[in-house]
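Engineer: One predicted model, sequence on top.
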There are 2 protein chains.
Amino acid sequence: MATIAIHGLCKSYGKTEVLRDIDLTFEEGRIYGLLGRNGVGKSTLLNLITRRIFPDRGEIAVDGVPVGGPGDPLRKIYCMSEAALYPENMRVAELYRWTADFYPHFDRARADRLTAAFGLDPKKRIKSLSTGYASIVKLIVTLSSGAEVLIFDEPVLGLDAGHRSLFYKEVLSLYGEKGCTVVLSTHIIEEISDLLESVIILEDCRVLASESVDGLLERYHCVSGAEGEVMGYLSGREVVHTERMGPYLSATVAGPADREQADRLNLTLMRPKLQDLFIHLTQGKGGTL
Amino acid sequence: MATIAIHGLCKSYGKTEVLRDIDLTFEEGRIYGLLGRNGVGKSTLLNLITRRIFPDRGEIAVDGVPVGGPGDPLRKIYCMSEAALYPENMRVAELYRWTADFYPHFDRARADRLTAAFGLDPKKRIKSLSTGYASIVKLIVTLSSGAEVLIFDEPVLGLDAGHRSLFYKEVLSLYGEKGCTVVLSTHIIEEISDLLESVIILEDCRVLASESVDGLLERYHCVSGAEGEVMGYLSGREVVHTERMGPYLSATVAGPADREQADRLNLTLMRPKLQDLFIHLTQGKGGTL
């Protein structure tokens, strides 16, 4: 299994800075969520890791070996990207044969089983597939690649709820079987929150958070109740978000909860949901009125 | 405000039957979720309603007036579709002017406010937008159309969590203001479940369910606990889905819960989640191993 270490990574497109001095480690055998607003540079980061584009500065190494140098370790990684990187005129089954030529550990039996499970016709040409099935082909190839690090960029775009549920189960089952490193970059956060061990949030060209999901969620708490009592509780605390519902107020607060004070004020304490917390932490950039 | 009534609607593409004898009513001033697996015919139904394609048989009427006849009532409806129906070389602001020519009630002030809120550049050409922003342009035009019935086909494709949350808030606020009829066709079900009053599920060419969300959820219940006890509870009941987690079993069951029996067996009863129930009810068609 493989660890990816990133140091001092910088990338701009013309005058637009996308990533500034990024330090990150993807440890082997963990499932990561790579989260960030639209356009924040998640795909840029993944394309830098897999050398589809080149950094302005900084190093990326897999198990201590720099990518792009001698003994290039990139064959340990398979990255499903949003953009299709193969001839679109190919049929699905041809794509499997073509991938097996490049990835000697490609698991054709797994690909065939998943093709049936997702109800995908292997004789179809890739360019004729709907948005959902175009995603499904790419995630089947990634799940079957036999690579030690599997990177999924928007894997569930256009997938219906049943297909998403099947995908999550297949990720967990492959992970249980092989212990591979998995990176999931997605906007559909809440339904993968139980799958993730660690979360990386990109915001404003830098890493806003890189820690375990539990660690992140424990640094915040939600409190709700009658408005006046909630306002009393919030006094002197770092408030991330508030929402009014009639005479009630609910708030997301940084730091540990004070259960005694909450009980005294007749307030309800809750653990935040990952997707809600993500929205509140990143809403400075777009998405607010 | 407007009601849409559909009677005996049939549609096939060549030998492939998509919709069989569909009877449905969208009542005025309600928010509907139109749900179904990929490829089940949701977009076909919406395109039939808006006369972009024609039925093999059956009638569609808006406030009692058939669409496609004299006094065509289609101007009461605006349908955001997955496919772009305007010149892709247009800039965003040009599209707003162009739409205002066709829809005299188009609310340009709302469109401009939403353009800023979503962080969309109105000078961009539509063809240059990312998947997420291409969706955002279409949902802004729909929200601003001034129509009495707003139909959204995959409105959140490619949107990040912050933008999705903003979209849901804008739907609710417009609905509160104007009381329009809203139809949301989407695969991201769980996060809209609180928004919906009614749900229509298409499956296997027909309507599997058309009722209030509460009504649907009350016809099922979830039960979990030690495997043996749960199996005892399930005996003689219609079981929709079971899931094993170590020594525990959780099940989704049709019909009312027996609280007394559940207490006696030390089982936990829960209301199902809409997205999970949808997956279980429709998983015969694809999506299972």
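Structural biologist: Structure received.
Engineer: Output the set of residues of the stretch 1-150 of chain A in proximity to chain B.
Structural biologist: Contact residues (CB under 8 Å from any CB of the partner chain) of the stretch 1-150 of chain A with chain B: A:36-39, A:82, A:113, A:117-119, A:130-133. Yep, even glycine has a C-beta here, placed from its N, CA and C like the rest.
Engineer: Need the nearest residue in space to A:Val182, chain neighbours excluded.
Structural biologist: A:Ile31 (4.5 Å; CB to CB, 6 or more residues apart in numbering or on different chains).
Engineer: from what I can see the one you found touches A:Gly179, true?
Structural biologist: No. Counting by CB atoms under 8 Å, A:Ile31 does not reach A:Gly179; the two are 10.5 Å apart.
Engineer: neighbour-wise, which of those two wins?
Structural biologist: A:Ile31 (20 against 13; other CB atoms under 10 Å in any protein chain shown).
Engineer: Might you name the residue of the stretch 101-250 of chain A sitting closest to chain B?
Structural biologist: A:Gly162 (3.1 Å; CB to the nearest CB).
Engineer: Secondary structure of that residue: a helix, I assume?
Structural biologist: Yes. Counting by DSSP: H, G, I helix; E, B strand; the rest coil, A:Gly162 falls inside a helix.
Engineer: and the spatially most central residue of chain A, what pLDDT?
Structural biologist: Nearest to the geometric centre of chain A sits A:Ser185, at 2.6 Å (CA atoms, centre = their mean). pLDDT, A:Ser185: 96.
Engineer: List the contacts of it.
Structural biologist: Each residue near A:Ser185 by CB atoms under 8 Å, 6 or more residues apart in numbering or on different chains is listed here: A:33-35, A:42-43, A:46, A:151-154.
Engineer: Now go through those residues and say which are in helices.
Structural biologist: Per DSSP state H, helices hold the following members of those: A:42-43, A:46.
Engineer: among these, who's most crowded?
Structural biologist: Neighbour max across the ones in helices among the contacts of A:Ser185 (other CB under 10 Å) = A:Lys42, 26 neighbours.
Engineer: Residue ranges of each domain in chain A, please.
Structural biologist: Domains of chain A are assigned by automatic domain parsing as A:4-215, A:219-282.
Engineer: just for chain A, where's the confidence low?
Structural biologist: Scanning chain A for pLDDT under 70 picks out A:1, A:82-84, A:284-289.
Engineer: one more time with 50, if that's ok
Structural biologist: Where chain A drops to pLDDT under 50, the residues are A:285-289.
Engineer: Show me where it has its strands.
Structural biologist: Assigned strands in chain A, in chain order: A:4-13, A:16-26, A:31-35, A:57-62, A:65-66, A:77-80, A:149-153, A:181-185, A:198-203, A:206-212, A:220-226, A:239-245, A:248-254, A:268-270 (criterion: DSSP state E).
Engineer: Spell out which residues of the stretch 151-289 of chain A are next to chain B.
Structural biologist: A:154, A:157-166, A:169, A:187-191, A:275, A:278-279, A:282-283, A:285-289.
Engineer: one step back: let me have the residues of the stretch 1-150 of chain A next to chain B in JSON lines, extended by distance to B:Tyr103.
Structural biologist: Formatted as JSON lines, the residues of the stretch 1-150 of chain A next to chain B follow (distance: CB to CB, whole Å):
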{"residue": "A:Gly36", "distance to B:Tyr103": "35"}
{"residue": "A:Arg37", "distance to B:Tyr103": "31"}
{"residue": "A:Asn38", "distance to B:Tyr103": "28"}
{"residue": "A:Gly39", "distance to B:Tyr103": "30"}
{"residue": "A:Glu82", "distance to B:Tyr103": "33"}
{"residue": "A:Arg113", "distance to B:Tyr103": "49"}
{"residue": "A:Ala117", "distance to B:Tyr103": "44"}
{"residue": "A:Phe118", "distance to B:Tyr103": "40"}
{"residue": "A:Gly119", "distance to B:Tyr103": "39"}
{"residue": "A:Ser130", "distance to B:Tyr103": "29"}
{"residue": "A:Thr131", "distance to B:Tyr103": "27"}
{"residue": "A:Gly132", "distance to B:Tyr103": "30"}
{"residue": "A:Tyr133", "distance to B:Tyr103": "34"}
